[in-house]
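# need the 3D shape of this:
(chains A and B)
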Amino acid sequence: MSSMMMWIVLVATCTLCFAIKLLGYLVPEPWLSNPRLQRINALIPISLLSALVVAQGVVVRTHVVIDHRLAGLAVALAALFAKAPFPVVVVAAAATSALVYHLH
Amino acid sequence: MSKLTKSTVRDSLSVAITVGTYGVAFGAASVAAGFSVVQSCLFSLFTFTGASQFAAVGVVASGGAAAGAIAAATMLGTRNALYGIQMAPLLQVKGVRRVLAAHLTIDESTGVALTQAPRGVAAMREGFWITGTGVFLFWNVFTLLGALGAKALGNPASWGLDAAVPAAFLGLLWPRLRSNFLRVVAASSMVFAMLVTPWLPAGLPIIATTVVAVVLGWRAR
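All right, here's what the predicted structure looks like:
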């Protein structure tokens, strides 16, 4: 991605995310209180975060690839099951992945 | 300071410090995706909603188009509008204070405010402002540290940064999986994302996955 496009991503993300926040203070309540809209809206973060785990963890461009990152993710999953705090999860994943990367 | 206020302040600050440290992961992810240290800091100052920021840099890192990055971030940000609807009648803000309140309206400030309900409206307002301001300060300081750290480290794979980013997403996802249905949504989304990856341009599978949310959320359960 060109540096110009990266600035566009930055400025558009900042602007739209703020506009959405402000919208909550401006629109009449019934507009966004449709139950179906609320149900879907509650699921969207879960779907997007799940897809991001896949896109960053096991994908290179348009291919599913198993590499050192998956070892890191497996350790992150184990840490989450063990109720480890967020920084521990991230650092454990990074350390494992780096280790596997250098062993190869 | 009254006893009432003290517990609200304690709740607010413990959340602010914990969440603020996630900023290190964001700063590092942003630099690993190719953004500069300054750009990473601008993200945290002006977007100031963690999941959206992670999504924007995540799509860029996976080779996606600008539109995909912006769309993913915006869709993740829509829940903040719903928080605003809940906070507006409580805060009763106008003008500049309304703009400030809107900017500080995120998971944590709304969450702490709502949990202060038994202590009264004044405590709820206090919880919102202290948590919002506290997360803002820590989030931005830690973003800078994470970005500078990642810059100093060099090759992301060599330090495991490329695994730290998906692990951070998993860490953000985990506490949301409070029921079996939500775990099914997450698992279906992951499988769906893998299945469509070879067929769509890079980055697009992330946005496409919202189809899973729409389909599974369409009918009441």
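
# for A:His104, the count of nearby residues, please.
For A:His104, the count of nearby residues is 6 (other CB atoms under 10 Å in any protein chain shown). C-beta here means a position set from N, CA and C on the backbone, and glycine is covered the same way.

# so it touches A:His68, yeah?
Yes - counting by CB atoms under 8 Å, A:His68 is a contact partner of A:His104 at 6.8 Å.

# and the strand or helix carrying A:Ala51, what does it pack against?
When elements are assigned from DSSP states H and E, A:Ala51 belongs to helix A:35-57. Secondary structure elements in contact with helix A:35-57, counted by 3 or more CB pairs under 8 Å, 6 or more residues apart in numbering or on different chains; DSSP states H and E, are helix A:68-81, helix B:50-61, helix B:66-91, helix B:161-173, helix B:180-196, helix B:204-208, helix B:210-218.

# nearest to A:Met1, out of these?
Distances from A:Met1 to each of these were compared using CB to CB; the shortest belongs to helix B:50-61, at 5.8 Å.

# quick check: angle from the closest one to helix A:35-57?
With axes from the mean of the first three to the mean of the last three CA atoms, to 10 degrees defining the directions, helix B:50-61 sits at 50 degrees from helix A:35-57.

# point me to the residue of chain A nearest chain B.
Closest approach of chain A to chain B (CB to the nearest CB) occurs at A:Gly24, with a separation of 1.8 Å.

# separation between the residue nearest to that residue when sequence neighbours are not counted and A:Leu23?
Nearest residue to A:Gly24, sequence neighbours excluded (CB to CB, 6 or more residues apart in numbering or on different chains): B:Gly84, at 1.8 Å. B:Gly84 is 7 Å from A:Leu23, where distance means CB to CB, to the nearest Å.

# between these two, who's got more neighbours?
B:Gly84 (24 against 18).

# OK, contacts around the residue in chain B that chain A sits nearest to?
The shortest separation between chain B and chain A is 1.8 Å, found at B:Gly84 (distances taken as CB to the nearest CB). Contact analysis of B:Gly84 by CB atoms under 8 Å, 6 or more residues apart in numbering or on different chains lists A:21-25, B:102, B:105.

# switch to 7 Å and redo it
A:21, A:23-25, B:102, B:105 (CB atoms under 7 Å, 6 or more residues apart in numbering or on different chains).

# residues in contact with residue 51?
As the question left the chain open, I've gone with chain A. With contacts defined as CB under 7 Å, 6+ apart, A:Ala51 is in contact with B:189, B:193, B:205-206, B:209.

# please refer instead to chain B.
Applying CB under 7 Å, 6+ apart, one finds that B:Ala51 lies in contact with A:45, A:49, B:76, B:172.

# wait, does the helix-or-strand element of chain B with minimal mean pLDDT make contact with chain A?
For chain B, using mean pLDDT, DSSP states H and E, the weakest element among its helices and strands is helix B:3-20, scoring a mean of 80. No - no part of helix B:3-20 sits near chain A under the criterion CB under 7 Å from any CB of the partner chain; the closest distance found is 7.6 Å.

# now do the helix or strand just after that helix: everything it contacts.
Downstream of helix B:3-20, the first helix or strand assigned by DSSP H and E is helix B:22-32. Taking contacts as CB under 7 Å, 6+ apart, the residues outside helix B:22-32 that touch it are A:86, A:90, B:37, B:40, B:43-44, B:50, B:53-54, B:57, B:61, B:138-140, B:142-147, B:149-151, B:156, B:161-162, B:164-165, B:168.

# off-centre distance for helix B:22-32?
Centre-to-centre, helix B:22-32 and its host chain are 12 Å apart (CA atoms, centre = their mean, to the nearest Å).
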